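Asker: One predicted model, sequence on top.
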Amino acid sequence: MSKIEYNPEMDDEIRSFLVQWFSGLLEGIEKVNNETWPLILEMTGRACAKVHSTDLFKKIWAISDDIDDFINKINKELDTITFKRNSKNEISVHYSKCSCPLVLYGLVNSPIMCNCSPNWIMENFETILNIPISVKTEQTILRGAKSCKFTISLNE
């Protein structure tokens with residue numbers, strides 16, 4: 001996964017524009033019906049995965065013996081995200097800090113953005129396992145927790 005770092009050299013005018021633009025976008029998302037905004041954030045979360053991590057997941061899956069071996073290997077590659085197998089059909093995901101580039105660059109801080117992460121997780125795991133999965137959000141940093149936690153259910 002690409003390491004995301006804060007860029008303090010971003011032009012102040014551009015930063016101000018992007019903060020305002022995203023603020024308007026998120027305000028609009030919050031005003032649409034409850035069927036529309038989750039779809040928007042599903043698409044953004046999946047797009048983020050395709051840009052930042054799906055290739056890494058595929059590469060590690062290709063050299064893994066099984067899901068447990070994959071989890072051991074992917075955990076060594078990711079610095080802020082940890083996966084843990086709870087049972088045959090359940091995996092816990094723990095983020096020690098928010099890894100959203102929009103948050104890290106100081107462009108957004110809305111808890112609604114936390115709805116992207118389950119879709120990031122789904123895109124990566126559905127791609128490598130070729131089965132549908134579901135992801136439950138347990139807690140997130142932008143919603144006041146000290147870390148983000150999600151639970152993956154493998155729908156085999």
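Answerer: Alright, I've got the coordinates.

Asker: Which residue ranges of this protein form helices?
Answerer: 12-31, 37-52, 54-62, 67-77, 101-104, 117-129 (DSSP state H).

Asker: residue nearest the centroid of the protein?
Answerer: In the chain, the centroid-proximal residue (Cα atoms, centre = their mean) is Ser117; its distance is 2.9 Å.

Asker: for that residue, what are its contacts?
Answerer: Gly45, Tyr95, Cys100, Val135, Thr137, Thr140, Cys148, Phe150 (Cβ atoms under 8 Å, 6 or more residues apart in numbering). Backbone N, C-alpha and C define where each C-beta goes, glycine included.

Asker: So which of those residues belong to strands?
Answerer: Counting by DSSP state E, the contacts of Ser117 place Tyr95, Val135, Thr137, Cys148, Phe150 in strands.

Asker: quick one, phi psi at Cys98?
Answerer: Per-residue torsions, Cys98: phi -60, psi 130 (degrees, to the nearest 10).

Asker: what does Lys146 give?
Answerer: Dihedral angles (degrees, to the nearest 10) for Lys146: phi -80, psi -20.

Asker: Of the ones in strands among the contacts of Ser117, grab the buried ones for PyMOL.
Answerer: The PyMOL selection below is limited to those of those classed as buried (16 or more other Cβ atoms under 10 Å):
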select buried, resi 95+135+137+148+150
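
Asker: Out of the helices of the chain, indicate the one that is most buried.
Answerer: Of all these, helix 117-129 carries the top mean neighbour count, a mean of 21, counting by mean count of other Cβ atoms under 10 Å.

Asker: For that helix, what is the distance to the chain centroid?
Answerer: 9 Å (Cα atoms, centre = their mean, to the nearest Å).

Asker: any idea of the mean pLDDT in it?
Answerer: When pLDDT is averaged over helix 117-129, the result is 96.

Asker: can you state the direction angle for it and helix 37-52?
Answerer: Interaxial angle, helix 117-129 versus helix 37-52 (axes from the mean of the first three to the mean of the last three Cα atoms, to 10 degrees): 50 degrees.
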